[in-house]
Every structure is written in C-alpha cells, then in structure tokens.
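A.B. asks: Just the structure for this:
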Amino acid sequence: MPDSVKDFIEALPSRVDSARLAGMTNSYVFEIGGAGTWTVKVDDGRLSVSEGDQGGDCTLSASAETFEKMVRGQQNPTTAYMTGKLKIKGDMGAAMKLQKLF
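C.D. replies: This next block holds a predicted model:
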C-alpha cells in the first residue's frame, strides 16, 4: 500500500490493468481533503493522472482518512457515500465505473 493518497493516485497508471479499462472513456476529479486534488482520465485502456482540477465527468470529494480506508478495503464506498463521508458531483454512472480502477 502506498504511503499517502498522493502516492496511491500517482501510481494508478502503473497499477491498473489496462484490459479492465478497455472501452471505458471517463474522467474523474478527486478532491481529497488534506492531500490535494487530481484529475484521472481513462481513455480506452489508457489511464493518466494530473495534479489539479482539469475537469471531469464527476468529482469525488472525501477526507484523506476516508479515501485511505476505501482503497484499503476498510470502508465501503457506497456506505461512505450514503453517510456523507464521500461526496459525488456529476455523472453517477461514471462514478460507478470506478470499481474497475480499485
């Protein structure tokens, strides 16, 4: 497990199986409180990460603690959303596809 949210997000291109992303074309903005903001773009098997808000199909906002728990499997993302720990703005269909990334 990477040491920080930044390490985790910036390592996504090397960790994600491109076959799982085939046919997927979406972009996501991750606003992680206390850690930073990143844009993750998926284009038919290719994934890129850039710092800052470059615009996206949806924006996901959470604290660093909640995000870390989700990626470790200690926090169910649906439960986090339903309890307000994870906020999603924009295309919910695109947000549901995130399961392919993690």
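A.B. asks: now the helices for the chain?
C.D. replies: Using DSSP state H, the helices of the chain run over 5-10, 12-15, 64-72, 77-82, 92-96.
A.B. asks: can you tell which of these is closest to residue 53?
C.D. replies: Minimum separation from residue 53 across those (C-beta to C-beta) falls at helix 5-10, 13.3 Å. For glycine as for every other residue, the C-beta is placed from the backbone atoms N, C-alpha and C.
A.B. asks: ok so, going back, of all the helices of the chain, which one is nearest residue 38?
C.D. replies: That would be helix 5-10 among the helices of the chain, by C-beta to C-beta, at 4.9 Å.
A.B. asks: ok so, going back, I'd like the helices of the chain as TSV, with mean neighbour count and mean pLDDT appended.
C.D. replies: What follows is the helices of the chain, written out as TSV (neighbours: other C-beta atoms under 10 Å; pLDDT from 0 to 100):
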stretch	mean neighbour count	mean pLDDT
helix 5-10	18	92
helix 12-15	12	90
helix 64-72	18	93
helix 77-82	15	94
helix 92-96	14	92
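A.B. asks: Quote the end-to-end distance of stretch 75-92.
C.D. replies: End-to-end distance for stretch 75-92, by C-alpha to C-alpha, to the nearest Å: 19 Å.
A.B. asks: What segments of the protein are strands?
C.D. replies: Along the chain, counting by DSSP state E, strands occupy 25-33, 36-43, 46-51, 58-63, 86-90.
A.B. asks: Quick test: name the residue nearest the centre of this protein.
C.D. replies: Closest residue to the average C-alpha location of the chain: residue 30 at 5.7 Å, with C-alpha atoms, centre = their mean.
A.B. asks: Enumerate the beta-bridge partners assigned to it.
C.D. replies: residue 38, residue 60 (DSSP bridges).
A.B. asks: could you dump the strands of the chain to CSV with mean pLDDT?
C.D. replies: Shown next, in CSV, are these (pLDDT from 0 to 100):
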stretch, mean pLDDT
strand 25-33, 96
strand 36-43, 96
strand 46-51, 94
strand 58-63, 98
strand 86-90, 97
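A.B. asks: picking up where we left off before, nearest to residue 25, out of the helices of the chain?
C.D. replies: Short answer: helix 92-96, nearest of the helices of the chain by C-beta to C-beta, at 9.5 Å.
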